[in-house]
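**Q** the amino acid sequence is not available; the structure is as follows:
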């Protein structure tokens, strides 16, 4: 016995899906830009600290600032 199934994708559903995908990509782009801008401010703030303050507050050396700020993006 054969079964026939119809799967009708409506044009409207396809358009809505495409618009959602584009909007999601645009939102992700602006989130990434916002995070990058805030991280650059943190890096500048940390670079303005002296070595003793940097070590006592964060436990890192000057050469580790960028890795510390982007530690959630670094692969272990």
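**A** Looks like it came in fine. Just so it is clear, the structure is predicted and the values come from calculations on it, not from any experiment.
**Q** quick one: list the elements packing against the helix-or-strand element of the chain with minimal mean pLDDT.
**A** Within the chain, judged by mean pLDDT, DSSP states H and E, the helix or strand with the poorest mean is helix 11-47; its value is a mean of 90. Here helix 11-47 touches helix 65-69, going by 3 or more Cβ pairs under 8 Å, 6 or more residues apart in numbering; DSSP states H and E. For the C-beta atoms, the positions are set from N, CA and C on the backbone; glycine is no exception.
**Q** and the helix it packs on, what's buried?
**A** For helix 65-69, burial by neighbour count (16 or more other Cβ atoms under 10 Å) applies to 65, 68, 69.
**Q** starting at the chain centroid, how far to the least confident helix or strand of the chain?
**A** Mean-position distance between helix 11-47 and its chain equals 7 Å (Cα atoms, centre = their mean, to the nearest Å).
**Q** average model confidence for the helix or strand just after that helix?
**A** Per DSSP states H and E, the first helix or strand lying C-terminal to helix 11-47 is helix 51-58. The pLDDT scores in helix 51-58 average 95.
**Q** now do the buried residues in stretch 19-32.
**A** Neighbour-count burial for stretch 19-32, counted by 16+ other Cβ under 10 Å, picks out no residue.
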